Structure formats: structure tokens, C-alpha cells
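Enquirer: Here is a sequence with its predicted model. Questions after.
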Amino acid sequence: METKGTSEEKFVARLPEVKPRRQPEPLPFENSPSAGRRFPLLLLLAVTLIVGIGLGGYIESRRVRARQMVAAVNGYPIYQDEFYRHLEQVAGPQVLKNWRDTVLRIQFAQSLGVAPSDQEVDQRYAEISKAPHFDQMLADRYETPDDVKMNLRSTLAQIAILTHYYGHPLPTSAVEAVYKKNTDPSNPNALFYHPEQVQIAVIITKDKATADKAYDALTSGASFYTVAKQYSQDVSAQNGGLLPWMRKQGGSAPQALKDLIFSLHVDQTTTPHFFMVRDAVTHQLRPTWWIIRMVGHIPASTDPFET
């Protein structure tokens, strides 16, 4: 028996029952299809952040190191970047000329076939490196063994060139002339002369009363380091008064101050001494009181001449 009804009712009656679809459960992040794409992105961001922090720290450390103090003149700090900039302006052209002459001399010896071999240079270096306090000398000159070997190569090349044009070994007088030049105390690049050097610690004050207080503390048994940090009005106070190694030649310190320093023996401490010193900024003389302690001493030495 046919069921009667409207066409709409018949149409609906013929449709199969459709159940509402269940929404799929959200997948955990690690099982999500986008997880594979998100993880490299997050990793890249993390690496970028780490590199950025590291690079920033490196740049900051370089900036701090660039402002490191290399010396102090009467309380005025001389920073590394300022020192190198001034050094480049004053000594740069001469350094470039010396380097050019060295390279040309070695190349000329090579063109003549008389350039010193690496073995000859190493042998000569082994001889001069036996000098007392040789490593300290390198540190004070800010030189490396390669720097010394380059100077040796240049000197040996010069001797070889002269020998080549003489047609026979150089006379002793010519060799002695080279030796004399390189043992001259006034020659800052002398290879075979090592000037006397000292290292001192200082307490510098602007008035005698403060200097006397510092000296009383020292005589009462306080360490120089502690007293310098407490009383010294010089920048070196932060290092317990310790100054870099110094030579008697050069510098702007009064001659009387140099004479006093180089008359001391190791571990000797002076009473307060008065000196008029020139201010590094204003260039005006100003009164200062110094208490000096000798920390280290390296006597002058000369490498022996060997024919």
C-alpha cells in the first residue's frame, strides 16, 4: 500500500538518516601535522636568540677590553684604545718604513740566492733566547718569537748581501759594526742589548698628611696592597699601587724620581718623598707625595759577541 503525502514529505521520506559528524579530537602538539613545521622555526628562533646574546656579550667584552688602562701618569689614566690611536699617529709612518725596508732587504737577498735559511734563523734565535729573562723581555716589548726571528732574518740578510758583494766573508770590523749597532743602549730596536727594568708599587697623594697616614699604616704592619687601595689617590690604587715594568730611559717622570726608583732594592719601601710632576692633561706642574716599593728588578744584559 502506497503511503500518501506531499512531494516534500515523499522526498524527505526517501532521504537516508544522516547523523551529525563528531568533531575529531584535537591531536597532541607533538602529533599535530604542523608540529614538524613549528619545531624548526622555534629552534631557529632559539638559536638566533642565543647567538645574539653571545655576540652582544662578545662586542661588549671587546668594548670593555678596549678601555683597559695601560698606564697612569700622575693619576691620569691612559687607555688602550687612546694609546694605540696616538701610537699609530706618531710612530705609524716610521714603523711602516722599517717594515718595508725589512721586507725589501730579505727579498733582495732571496733574489741573490743568499737569503738566510729557516735553520740559520732558528739556530741564532736559540742562542739569543738563552739570555736571562728573555721571555720577560719579549713581554715588555710586546713581541713574539716570530717578531724576533723576522729581525734576525733581516740582520742575517744584510750581512749575506754585503758578503755577496765583497766576494768573500765580511771582515770582522763589518760584523762588529752590526753587533755594535745592536748592542747600543740608545737603540730601542737593539737585538743584543736588554736594558735594566724594574717594577714598582706606589702610593701617590696630593698632600703630606695623607702620605704620612699611609706610611704610619705600613709601619704598623699593614700590607702595601691594602694601604695603597685605601690611601693612594692615583689610578693604580685599584691594583694595589702596582705599575707595569719600566725602564729608566724615556718617559716624562722627573729625573730625580727615576734616580730614586732605580736606587732601590727588591722589597725596599721608601718614606714619603715630594715631587713636582707634570699633569698629563693640563701639562701644569703639581705637587705630589710618593711612597715607593720595589717589587722586581731585571739588570741590563748584553749578548756576547761571537766571531
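Expert: Nice, thanks for sending it over. Since the model is a prediction, treat every value here as computed from it, not as a measurement.

Enquirer: What is the burial count for residue 167?
Expert: For residue 167, the count of nearby residues is 6 (other Cβ atoms under 10 Å). Where C-beta positions appear, they are placed from N, C-alpha and C, glycine not excepted.

Enquirer: let's number from 55 now, not from 1
Expert: Sure, I'll start numbering at 55, so the last one becomes residue 221.

Enquirer: Mind checking the pLDDT average for the helix or strand harbouring residue 151?
Expert: Here residue 151 sits within helix 134-166, counting by DSSP states H and E. Per-residue pLDDT over helix 134-166 has a mean of 78.

Enquirer: Low-confidence stretches in the stretch 205-354 of the chain?
Expert: Filtered on pLDDT under 70, the stretch 205-354 of the chain yields the residue ranges 222-224, 334-335.

Enquirer: ranges for the helices of it?
Expert: 226-235, 262-273, 278-285, 309-316 (DSSP state H, counting those that start in this stretch).

Enquirer: sorry, back to before: moving C-terminal of the helix holding residue 151, what's the next helix or strand?
Expert: Taking DSSP H and E as the definition, the helix or strand right after helix 134-166 is helix 172-182.

Enquirer: by contact count, what packs against that next one?
Expert: helix 199-220 (3 or more Cβ pairs under 8 Å, 6 or more residues apart in numbering; DSSP states H and E).

Enquirer: what's the offset of the helix it packs on from the middle of its chain?
Expert: Between the centre of helix 199-220 and the centre of its chain there are 29 Å (Cα atoms, centre = their mean, to the nearest Å).

Enquirer: List the buried residues for the helix holding residue 151?
Expert: 156, 159-160, 162-163 (16 or more other Cβ atoms under 10 Å).

Enquirer: out of the helices of the stretch 205-354 of the chain, deepest packed?
Expert: helix 278-285 (a mean of 19; mean count of other Cβ atoms under 10 Å).

Enquirer: any idea of the angle that one forms with helix 262-273?
Expert: On the basis of axes from the mean of the first three to the mean of the last three Cα atoms, to 10 degrees, helix 278-285 is oriented at 150 degrees to helix 262-273.

Enquirer: Okay, buried residues for stretch 329-347 please.
Expert: By neighbour count, with 16+ other Cβ under 10 Å as the criterion, the buried positions of stretch 329-347 are 329, 331, 342-347.

Enquirer: can I see the domain layout of this structure?
Expert: Per the record, the chain has its domains at 130-247, 251-356, by automatic domain parsing.

Enquirer: Among the buried residues of stretch 329-347, name the ones in strands.
Expert: 329, 331, 342-347 (DSSP state E).

Enquirer: which two in the residues you listed are spaced the farthest apart?
Expert: 331 and 347 (18.3 Å; Cβ to Cβ).

Enquirer: circling back: need the helices of the stretch 205-354 of the chain in a markdown table (columns: distance to residue 177).
Expert: What follows is these, written out as a markdown table (distance: least, Cβ to Cβ, whole Å):
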| stretch | distance to residue 177 |
| --- | --- |
| helix 226-235 | 16 |
| helix 262-273 | 50 |
| helix 278-285 | 44 |
| helix 309-316 | 35 |
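
Enquirer: Of all the ones you listed, which one comes closest to residue 188?
Expert: helix 226-235 (18.0 Å).

Enquirer: Please write out the alpha-carbon positions of that closest one in PDB.
Expert: Output in PDB follows, covering the C-alpha atoms of helix 226-235 (Å, rounded to 0.1, in the frame of the first residue of the first chain):
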ATOM      1  CA  THR A 226     135.500  41.200  11.400                       C
ATOM      2  CA  SER A 227     135.200  45.000  11.500                       C
ATOM      3  CA  ALA A 228     132.000  44.900   9.500                       C
ATOM      4  CA  VAL A 229     130.400  42.200  11.700                       C
ATOM      5  CA  GLU A 230     131.500  44.200  14.800                       C
ATOM      6  CA  ALA A 231     129.700  47.300  13.400                       C
ATOM      7  CA  VAL A 232     126.500  45.400  13.100                       C
ATOM      8  CA  TYR A 233     127.000  44.000  16.600                       C
ATOM      9  CA  LYS A 234     127.700  47.400  18.000                       C
ATOM     10  CA  LYS A 235     124.600  48.900  16.500                       C
END
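
Enquirer: ok and that helix relative to helix 199-220, angle-wise?
Expert: Using the same axes, to 10 degrees: helix 226-235 against helix 199-220 is 150 degrees.
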